[in-house]
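Chemist: Fold the following and give me the result.
(one chain, ligands or ions: 2)
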Amino acid sequence: MVRFTAVDLGASSGRVMSAAVAGGRIRLREEHRFANRPVRVAGTLHWDVLALYQGVLDGLRKAGPAESVGVDAWAVDYGLLDGDGRLIGNPVHYRDARTARCTERVDPYEVTGTQFLPFNTVNQLLCERLDRAETMLMIPDLLGYWLTGTIGAERTNASTTALYDVRGRDWAWELIDELGLPRRIFPDFAAGASPLRPDVAEEVGYATEVVKVASHDTASAVVAVPAETDRFAYVSCGTWSLVGVELPAPVLTEESRQANFTNEAGLDGTVRYLRNVMGLWILQECLRAWGGPPLEPLLAEAETARAAAVIDPDDPAFLPPGDMPGRIAAYCARTGQPAPEGPAQVVRCILQSLALAYQRAIADAVRLSGRPVEVVHLVGGGSLNTLLCRLTADATGLPVVAGPVEATALGNALVQARARGLVGGLAEMRELVRRGAGVRTYRPGHPYEPRERG
Ligand code: ADP
Ligand code: LRH
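Modeler: Ligands and ions are numbered 1, 2, ... in the order given. From the prediction side, this is the model:
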């Protein structure tokens, strides 16, 4: 048996998972989970990156020795290092409002293939003073640097910056020059592994190395989609819902740009052709506004609740943290719909609206890419939400295969296993996931009889 450790930092929690690979199977065990709580300081919303790093160290200590470690995290955000390799300031959260002040609507879609999102790295960098910055590191690369002392960029996450040339597979240098951003801050792309710094090895209790995995969490999640053929759509369903298909090459048409589809880099040169749907964030924020009631009883109530209203989850009103139930009511008033009454109706309204948004995104992805789709794979924390899975099957008219819940950590560990020669390409990785994962299939029109499999 060979053990790997996957560090996965999501927008709502960080987790350190052990993955054991043996006899053609992979099994995960959660070693440590910690909240990812943003902090507002003097009006700016930050990630608490040192608390996250501490969570990683605690997790590595608890997990014990492993063949290697991989780190993935959410996209878009970064830390800046000065000439001595020290962090300048605390990374800012993509939900902070600063980009409203400095976004330049640059849109070289034919180069970057990136959908316009106000918080894309490019827009954030345009808000920064970069004179002291020597290096920009995306969040997983920053943590990797603290663990190993080695600086390097990684393609799947770089492709979310809107400063990456998706066909040339390099930083989009011309665009970087055009925007007046300093070339020096964009590190070379690194592959392979780097050993833990000796002081870190001492702190966690063992030496090992950090492997560059598909460090964008969504890229790792797509690696571990248990698809049997290439005719699948995915919903990587956590705080965000990333909805799309996997392609061999980007779609860079004007129609695709207008549909706000993005071409993110996947493992082995694949393209994750997807749309960001606001996702369970809206539900998370409602729960926060209601004082944090447990989710499961509310979902049970939402099963039978009726809500006539449908919201567009991607309305910009839902992006920043705040009073989400109030914003849903305001949206309904604005669009002439009866607002849902009480938490169960609000939850129902959110979930049915998400399912419809998934249906739209999948239909658009199929139309714009020409890739036929026979099944929807829904992975991540949202795959535990049976109502959402059923609504998605009904909205899309396709079977929804839900799970694995921890697809991201699995994808992270599988790339490490490949670095050790234990598994081959994507198809083989997915075969391993299928053998190990408990997944459930929801068929459209048979909403109350999910079939067990796996
Ligand atoms: P992220 O990686 O963005 O932090 P996750 O993949 O961990 O997100 O998913 C978190 C979401 O999963 C939560 O917002 C919640 O809606 C959903 N979730 C977690 N546990 C359950 C559960 N037992 N039942 C239904 N939904 C759940
Ligand atoms: C999901 C995710 C998504 C990005 C968003 C910022 O965690 O990485 O793919 O668009 O965070």
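
Chemist: and this protein, which residues reach ligand 1?
Modeler: Where the chain comes near ligand 1, counting by CB under 6 Å from any ligand atom, the residues are 10-13, 238-239, 280, 283-284, 295-296, 299, 380-382, 384-385. Glycine gets a C-beta too; all of them are placed from N, C-alpha and C.

Chemist: Please tell me how far the residue positioned nearest the centre of the chain sits from ligand 2.
Modeler: Of all residues in the chain, the one closest to the mean position by CA atoms, centre = their mean is residue 218, 3.7 Å from it. Distance, residue 218 to ligand 2, by CB to the nearest ligand atom, to the nearest Å: 4 Å.

Chemist: For that residue, list the residues it contacts.
Modeler: 75, 236, 240, 242, 264, 272, 274, 408 (CB atoms under 8 Å, 6 or more residues apart in numbering).

Chemist: what subset of the residues you listed is also close to ligand 2?
Modeler: When contact is defined as CB under 6 Å from any ligand atom, the contacts of residue 218 meet ligand 2 at 75, 240, 242.

Chemist: Partner strands of the helix or strand harbouring the last one, with direction?
Modeler: Going back to what we said before, that points to residue 242. Using DSSP states H and E, residue 242 sits within strand 241-247. If you go by DSSP bridges, strand 241-247 pairs up with strand 232-237 (antiparallel), strand 271-277 (antiparallel).

Chemist: avg pLDDT for that strand?
Modeler: In this model, strand 241-247 has a mean pLDDT of 98.

Chemist: That one: how far from the chain's middle?
Modeler: How far strand 241-247 lies from its chain's middle: 11 Å, per CA atoms, centre = their mean, to the nearest Å.

Chemist: Just the C-alpha atoms of it, please, in CSV.
Modeler: Taking Å, rounded to 0.1, in the frame of the first residue of the first chain, the C-alpha atoms of strand 241-247 are listed here in CSV:
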residue,chain,number,x,y,z
SER,A,241,-20.9,25.1,-9.2
LEU,A,242,-18.6,24.7,-12.1
VAL,A,243,-20.6,23.3,-14.9
GLY,A,244,-19.2,22.1,-18.3
VAL,A,245,-17.5,19.4,-20.4
GLU,A,246,-14.0,18.2,-20.9
LEU,A,247,-12.5,18.9,-24.4
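
Chemist: List the buried residues of it.
Modeler: 241, 242, 243, 244, 245, 246, 247 (16 or more other CB atoms under 10 Å).

Chemist: Reformat the ones next to ligand 2 among the contacts of residue 218 as TSV; add distance to residue 445.
Modeler: Output for these, formatted as TSV (distance: CB to CB, whole Å):
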residue	distance to residue 445
75	36
240	28
242	26
